[in-house]
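Chemist: Let me see the structure of the following:
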Amino acid sequence: MGRPRTRGGARRVLSGPAAVALLFLLPALVALVVLRLAPAVVAFVDSLFRTTLLGGTTFAGFGNYLELFANPDFQNSIGVTLLFTLLVNPLQIAAAFLLAVLFTKRAAGSRVWRSLVILPIAVPPAVSAVIWSVIYRPDGLANAFLAVFGIPPQPFLTSPQQALLSIMILLSWIGVGYWMMFLIAGINDIPTSYYEAASLDGASSWRQLWSITFPLVRRPLAFVLVADTVSNLLVFAPVQILTKGGPNGSTNLLMYDIFTRAYTFGDINKAQAEVMILVLITVVVVAIQFRLLRAED
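Modeler: Numbers count the residues shown, from 1 in each chain. Predicted coordinates for the structure are as follows:
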């Protein structure tokens with residue numbers, strides 16, 4: 001008696017809302033498997049082998065990983081990537097948050113300025129890199145602006161001390177407006193009655209920002225933090241166009257190092273191993289961020 005009822009219930013579930021939901025999710029699930037999970041498995045398997053110059057393939061185990069960590073160029077790339085992530089993420093998120101707070105105020109001209117900040121999103125990263133390559137030229141706009149204040153021309157892209165910072169400024173110009181939109185949406189969802197009550201209690205604008213805006217925008221802020229971290233760990237086009245990892249490896253981020261190892265040196269297996277290391281670093285960094293956010297909650 002119990003079995004037919006169970007099968008009938010399962011059949012009703014599969015032919016009801018669950019089946020419709022699964023049907024809608026099926027294209028996304030197929031794309032996830034084909035475009036994400038399957039390439040990841042292939043990359044991991046390839047990273048365990050070594051291809052000789054004659055085209056032969058031998059199993060290397062984790063030998064590719066050990067050789068990578070013993071490589072000074074790879075060690076430098078890891079250090080540059082972590083330093084880049086540590087500096088650029090707080091810079092972009094803080095700028096996006098402050099601009100979001102500023103542009104949600106009902107001030108004259110705020111919509112115009114908000115549009116100007118968002119405008120770089122419409123420009124592809126490669127095109128933005130070309131534009132900034134002109135700005136960073138010795139006779140470009142950046143040095144012309146500095147000359148107004150009596151500052152001599154700066155070697156933005158040819159100085160090991162300035163090249164990475166120059167890449168950060170370019171990426172912030174591209175990304176701050178994008179992340180700002182998410183934070184503006186979060187701020188606009190906060191009921192105005194909270195601010196009205198705080199004003200009646202005599203709370204200053206800074207106090208309202210710290211006690212109302214910041215706590216209630218934590219969810220979109222957490223999303224922006226994680227998405228911005230992943231985005232910056234995958235930076236490639238600006239480095240390829242502006243510095244090619246130089247000078248002296250000061251901008252040799254992991255994505256560019258993977259490209260160089262795969263298509264310049266032709267070492268696909270070590271490049272795949274480096275891809276897996278980059279994925280692991282991304283997962284660890286994002287997990288730490290989630291842990292910190294959960295602890296603060």
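Chemist: Okay, Ile93 and Glu274: tell me how far apart.
Modeler: Plainly put, Ile93 is 27 Å away from Glu274 if you go by Cβ to Cβ, to the nearest Å. Every C-beta, even on glycine, is put in place using the N, C-alpha and C of the backbone.
Chemist: now swap in Ala60 and tell me
Modeler: For Ala60, the distance to Glu274 (Cβ to Cβ) stands at 14 Å.
Chemist: and what of Pro247?
Modeler: As judged by Cβ to Cβ, Pro247 and Glu274 stand 22 Å apart.
Chemist: Ok, Ala237 next?
Modeler: 18 Å.
Chemist: Pretty sure Ile167 sits against Gln240.
Modeler: No: using Cβ atoms under 8 Å as the test, Ile167 is too far from Gln240 to be in contact (11.0 Å).
Chemist: what about those two, which has more around it?
Modeler: Taking other Cβ atoms under 10 Å, Ile167 and Gln240 do not tie; Ile167 has more neighbours (24 against 16).
Chemist: what helix or strand does the more buried one sit in?
Modeler: helix 163-188 (DSSP states H and E).
Chemist: Go through the next helix or strand after that helix and flag the buried ones.
Modeler: Under the assignment DSSP H and E, the closest C-terminal helix or strand after helix 163-188 is helix 192-200. By 16 or more other Cβ atoms under 10 Å, the buried positions in helix 192-200 come out as Ala198.
Chemist: quick one: the residue positioned nearest the centre of the chain and Gly56, what's the gap?
Modeler: In the chain, the C-alpha nearest the mean C-alpha coordinate belongs to Ser231, at 1.6 Å (Cα atoms, centre = their mean). Relative to Gly56, Ser231 is positioned 39 Å away (Cβ to Cβ).
Chemist: same thing with Leu87?
Modeler: Leu87 sits at a distance of 44 Å from Gly56 (criterion: Cβ to Cβ).
Chemist: of these two, who's got more company?
Modeler: Leu87 (14 against 8).
Chemist: need the contact list for Ile121.
Modeler: Neighbouring residues of Ile121 by Cβ atoms under 8 Å, 6 or more residues apart in numbering: Ile174, Gly177, Tyr178.
Chemist: can you tell me how far Ser77 sits from Asn252?
Modeler: From Ser77 to Asn252 the distance is 5 Å (Cβ to Cβ).
Chemist: Looking at those two, which one has more neighbours?
Modeler: Comparing Ser77 with Asn252 by other Cβ under 10 Å, the one with more neighbours is Ser77, at 27 against 24.
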